[in-house]
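Engineer: Just a sequence and a predicted model for now, questions to come.
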Amino acid sequence: MESFYKHHVFFCLNRRDAPEACCACHGAESMQSYAKDRIKAMKLSGPGKIRINKSGCLDRCEEGPVIVVYPDNVWYTYVDKNDIDEIIDEHLVGGKVVERLKI
C-alpha cells in the first residue's frame, strides 16, 4: 500500500519540566510553523506530496529537538532555520538524507 503523503514529517512539540530535554524549549513550535509555511509556499503540500505535522513526545528527548520523516523512517535533529531548509531541500525535495543532522 502506498503512503497517502510522499513525506509525512512530525515535529515533536512536547514540553517537559527539564528544559534541556524538551523539544518545545528548543524552538520546536516556531520551526514546525516555518517548515509548514515554506512547504506551502513551495506548493509541495497536500495528498501525494508533503505534510508537516505537530507531534507529542517522540521519546528521543536527549537527542532533541527532533523530527521524523515517514515513510522513510529518518530521524533528524536541528538547530535553526538553516537546518530545516537543508532537510526540506536535500531530503524532502531532493531525496537525499542529510547525514549530518540524522540521529
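Structural biologist: Sure thing, it's come through.

Engineer: what comes up buried for the longest helix along the chain?
Structural biologist: Scanning the chain for the longest helix, with DSSP state H as the assignment, gives helix 28-41. Judged by neighbour count using 16 or more other Cβ atoms under 10 Å, the buried positions of helix 28-41 are 28, 31, 32, 34, 35, 36, 38, 39. Any C-beta I mention is one placed from the backbone N, CA and C, and that applies to glycine too.

Engineer: what do you get for stretch 53-67?
Structural biologist: In stretch 53-67, counting by 16+ other Cβ under 10 Å, buried: 55, 58, 60, 61, 64, 65, 66, 67.

Engineer: Sort out for me which of those are in strands.
Structural biologist: Among these, the members found in strands (DSSP state E) are 55, 66, 67.

Engineer: Spatially central residue for this structure, please.
Structural biologist: Nearest to the mean C-alpha position of the chain, by Cα atoms, centre = their mean, lies residue 67 at 3.7 Å.

Engineer: I figured it was touching residue 9, is that so?
Structural biologist: Yes - under the criterion of Cβ atoms under 8 Å, residue 67 makes contact with residue 9 at 5.9 Å.

Engineer: The longest helix of the chain - what's its average pLDDT?
Structural biologist: Confidence over helix 28-41 (mean pLDDT, whole number) is 97.

Engineer: Name the nearest of the ones in strands among the buried residues of stretch 53-67 relative to residue 78.
Structural biologist: Using Cβ to Cβ, residue 67 comes nearest to residue 78 of those, at 7.0 Å.

Engineer: so residue 8 bridges to which residues?
Structural biologist: With DSSP bridges as the criterion, residue 8 is bridged to residue 51, residue 70.

Engineer: quick one: it and residue 34, what's the gap?
Structural biologist: Using Cβ to Cβ, to the nearest Å, residue 8 is found at 17 Å from residue 34.

Engineer: now residue 79
Structural biologist: 13 Å.

Engineer: repeat for residue 86
Structural biologist: 13 Å.
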